[in-house]
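[1] Curious how this folds, go ahead:
(2 chains)
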Amino acid sequence: AQSVSQHNHHVILSEAASLELGCNYSYGGTVNLFWYVQYPGQHLQLLLKYFSGDPLVKGIKGFEAEFIKSKFSFNLRKPSVQWSDTAEYFCAVNAGSSASKIIFGSGTRLSIRP
Amino acid sequence: DTAVSQTPKYLVTQMGNDKSIKCEQNLGHDTMYWYKQDSKKFLKIMFSYNNKELIINETVPNRFSPKSPDKAHLNLHINSLELGDSAVYFCASSSGTGGRNTEAFFGQGTRLTVV
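    A predicted model of the protein is given here:
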């Protein structure tokens, strides 16, 4: 069965620090990968997605993620975080061309100190 | 315009009651979902409908019954509410199933509190 692991449960950074959130998935075939963000009290919004092509994907708000197939990873990065990036971040995977659901990781809470 | 809208946003009710949450999407999508987010923020899929047909039912108690009167609506009815049902329920939609079609758009969530 597909699964998604986010090993960082809570990350605390100062403003302007660089960010990398880990995401690993378990599935050997074709995958579609997503990062969603949930700001406090709000719904999930798509940050970025990978379907195929260039493994380095750029999203909104200066975020990017790199798909490394050999490592089954899709880590999220941002070179310089802001206080407004404080939120819960979810990695998600949809495996296979006909799979009909997205499986989410357990989420990483990001707290930014002003 | 809100793409995926859920009502109500907050719902507080007593154990044993029956309640419904409504969801509507105006994106023209074929597929709709219900997710449950527990107190630890873990998101778990409950149901998925494609063109009004149930395609995913993730071992959810049969007290939960989804209903899709048309492609744009997926409602969730819960019978005999229990304390453990307290959570945030998110409705989502995608253009279809498989591959790029599964990019999901989420509603604002319904915070259900059972007392």
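
[2] Every contact and neighbour count from this point should use C-alpha atoms.
    OK.

[3] ok, the residue nearest the centre of chain B to A:V31 distance?
    For chain B, B:W34 is the residue whose C-alpha lies nearest the centre (C-alpha atoms, centre = their mean; 2.8 Å). With distances taken as C-alpha to C-alpha, to the nearest Å, B:W34 is found 22 Å from A:V31.

[4] what's the neighbour count on residue 108?
    As the question left the chain open, I've gone with chain A. Neighbour count of A:T108, defined by other C-alpha atoms under 10 Å in any protein chain shown: 22.

[5] my bad, the chain I had in mind was chain B
    B:Q108 has 21 neighbours, counted by other C-alpha under 10 Å.

[6] and it, which of the three is it?
    Per DSSP: H, G, I helix; E, B strand; the rest coil, the secondary structure class of B:Q108 is coil.

[7] separation between it and chain A?
    Distance, B:Q108 to chain A, using C-alpha to the nearest C-alpha, to the nearest Å: 5 Å.

[8] tell me the pLDDT at that residue?
    Listed pLDDT for B:Q108 reads 93.

[9] so what's it up against?
    By C-alpha atoms under 8 Å, 6 or more residues apart in numbering or on different chains, the residues touching B:Q108 are A:42-44, B:4-6, B:9, B:90.

[10] Mind jotting down where the strands sit in the chain?
    Just so you know, I chose chain A. A:3-5, A:10-14, A:19-21, A:24-26, A:31-38, A:44-50, A:56-58, A:64-68, A:73-78, A:87-95, A:103-104, A:108-113 (DSSP state E).

[11] oops, chain B please
    For chain B, the strands defined by DSSP E cover B:4-7, B:10-13, B:19-25, B:31-37, B:43-50, B:53-57, B:64-70, B:73-78, B:87-94, B:105-106, B:110-114.

[12] Worst mean pLDDT among these?
    Minimum mean pLDDT among the strands of chain B: strand B:53-57, a mean of 85.

[13] Quickly run through the sheet partners of it, with directions.
    Sheet pairing of strand B:53-57 (DSSP bridges) gives strand B:43-50 (antiparallel).

[14] How about the residues of chain B by chain A?
    Residues of chain B found near chain A (C-alpha under 8 Å from any C-alpha of the partner chain) are B:41-45, B:48, B:90, B:96-100, B:102, B:105-109.

[15] Repeat the analysis, applying 6 Å as the threshold.
    Within chain B, the positions adjacent to chain A are B:42, B:97-99, B:106, B:108 by C-alpha under 6 Å from any C-alpha of the partner chain.

[16] and stretch B:29-47, C-alpha only, in PDB?
    What follows is stretch B:29-47, C-alpha atoms only, in PDB (Å, rounded to 0.1, in the frame of the first residue of the first chain):
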ATOM      1  CA  HIS B  29     -15.000  18.600 -11.500                       C
ATOM      2  CA  ASP B  30     -16.100  15.000 -11.800                       C
ATOM      3  CA  THR B  31     -14.600  13.700  -8.500                       C
ATOM      4  CA  MET B  32     -15.300  14.700  -5.000                       C
ATOM      5  CA  TYR B  33     -13.800  13.500  -1.600                       C
ATOM      6  CA  TRP B  34     -14.300  13.600   2.100                       C
ATOM      7  CA  TYR B  35     -11.300  13.700   4.300                       C
ATOM      8  CA  LYS B  36     -11.100  13.700   8.100                       C
ATOM      9  CA  GLN B  37      -8.500  15.600  10.000                       C
ATOM     10  CA  ASP B  38      -8.000  14.600  13.600                       C
ATOM     11  CA  SER B  39      -6.600  16.600  16.500                       C
ATOM     12  CA  LYS B  40      -3.100  15.700  15.500                       C
ATOM     13  CA  LYS B  41      -3.700  17.200  12.000                       C
ATOM     14  CA  PHE B  42      -3.500  13.800  10.300                       C
ATOM     15  CA  LEU B  43      -5.600  13.700   7.100                       C
ATOM     16  CA  LYS B  44      -7.300  10.500   6.100                       C
ATOM     17  CA  ILE B  45      -9.500  10.000   3.100                       C
ATOM     18  CA  MET B  46     -13.000   8.700   3.900                       C
ATOM     19  CA  PHE B  47     -14.900   8.600   0.600                       C
END
